[in-house]
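1. Okay, predicted coordinates and the sequence, questions at the end:
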Amino acid sequence: MSSTPPRPALQLAAGLLTATAALYIALVAFGNITDFGTNQQFVRHVLAMDTTFKDDDLMWRAVTSKGLQDAAYVAIIVWETLAALVLMYGTWLWFRRDDHRARRFSTYGLLMLMLLFGAGFIAIGGEWFAMWQSGDWNGLDAATRVFLLSGVVLIVNHLPFGPAQRADV
């Protein structure tokens with residue numbers, strides 16, 4: 001009877017951190033699907049720029065069409081759901097000890113999160129739509145947390161797993 005050698009701590013950490021990111025974004029997507037209206041209002045206000053300083057030099061950027069606002073929100077939910085599925089698959093691969101494919105799929109999912117929260121919420125929402133000006137509809141702190149968490153998990157996923165690494169470390 002052969003026994004499986006102990007899992008090196010770094011691979012275990014990569015798997016558990018990927019699982020954490022997968023759980024987080026799955027819960028976010030689930031919440032947005034089951035409580036559609038709450039964050040729908042958030043997206044509408046950010047895109048409409050109705051709680052910003054209303055500077056004439058910026059207000060031309062506002063998207064006031066409810067149809068376009070809702071389409072953007074649905075696209076966000078679809079992206080979140082796909083990222084959750086990719087990260088769940090990456091987690092499953094980590095625990096199957098398929099490290100090469102686990103690293104690849106985890107990277108895809110983590111980059112999806114970083115694009116959504118970094119490019120989507122921090123850059124486009126925060127700067128283009130001036131979300132930083134809103135006292136009521138400002139999601140920059142939350143977006144920054146998710147962006148940084150995803151970046152840390154991505155770094156751990158890409159630390160070298162060399163043969164010199166001890167299994168008990």
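-> In hand now; what should we look at? Numbers count the residues shown, from 1 in each chain.

2. only C-alpha atoms for contact and neighbour calcs from this point on.
-> Noted.

3. and Met114, how far is that from Ile122?
-> 10 Å (CA to CA, to the nearest Å).

4. In contact with Trp132, which residues?
-> 126, 138, 140 (CA atoms under 8 Å, 6 or more residues apart in numbering).

5. Check Arg44 too.
-> Applying CA under 8 Å, 6+ apart, the residues near Arg44 are 64, 66, 69-70.

6. which stretch of helix or strand covers it?
-> Following DSSP states H and E, the helix or strand that holds Arg44 is helix 36-48.

7. what's the pLDDT at the residue nearest the centre of the chain?
-> By CA atoms, centre = their mean, the chain has its centre lying nearest to Leu113, at 2.7 Å. Leu113 is assigned a predicted lDDT (pLDDT) of 98.

8. backbone phi and psi for it, please?
-> Dihedral pair for Leu113: phi -70, psi -40, per degrees, to the nearest 10.

9. Wait, it touches Thr81, no?
-> No - the criterion here is CA atoms under 8 Å, and Leu113 misses it with Thr81 at 10.6 Å.

10. what helix or strand is the nearest residue to Thr38 once chain neighbours are set aside on?
-> Distance criterion CA to CA, 6 or more residues apart in numbering; nearest residue to Thr38, sequence neighbours excluded, is Asn32 at 7.7 Å. Using DSSP H and E, Asn32 maps to helix 9-34.

11. Quick one: mean pLDDT over that helix.
-> 97.

12. Please name every helix or strand in contact with that helix.
-> Under the contact definition 3 or more CA pairs under 8 Å, 6 or more residues apart in numbering; DSSP states H and E, helix 9-34 sits against helix 66-95, helix 99-114, helix 140-157.

13. how does it look with 6 Å?
-> With contacts taken as 3 or more CA pairs under 6 Å, 6 or more residues apart in numbering; DSSP states H and E, helix 9-34 sits against helix 66-95, helix 140-157.

14. and the closest residue to Ala72 other than its chain neighbours, how many residues sit next to it?
-> Nearest in space to Ala72, with sequence neighbours left out and distances taken as CA to CA, 6+ apart, is Val43 at 7.9 Å. Using other CA atoms under 10 Å, Val43 has 19 neighbouring residues.

15. ditto for the one 5 residues further on
-> A count of nearby residues for Ala48, using other CA under 10 Å, gives 20.
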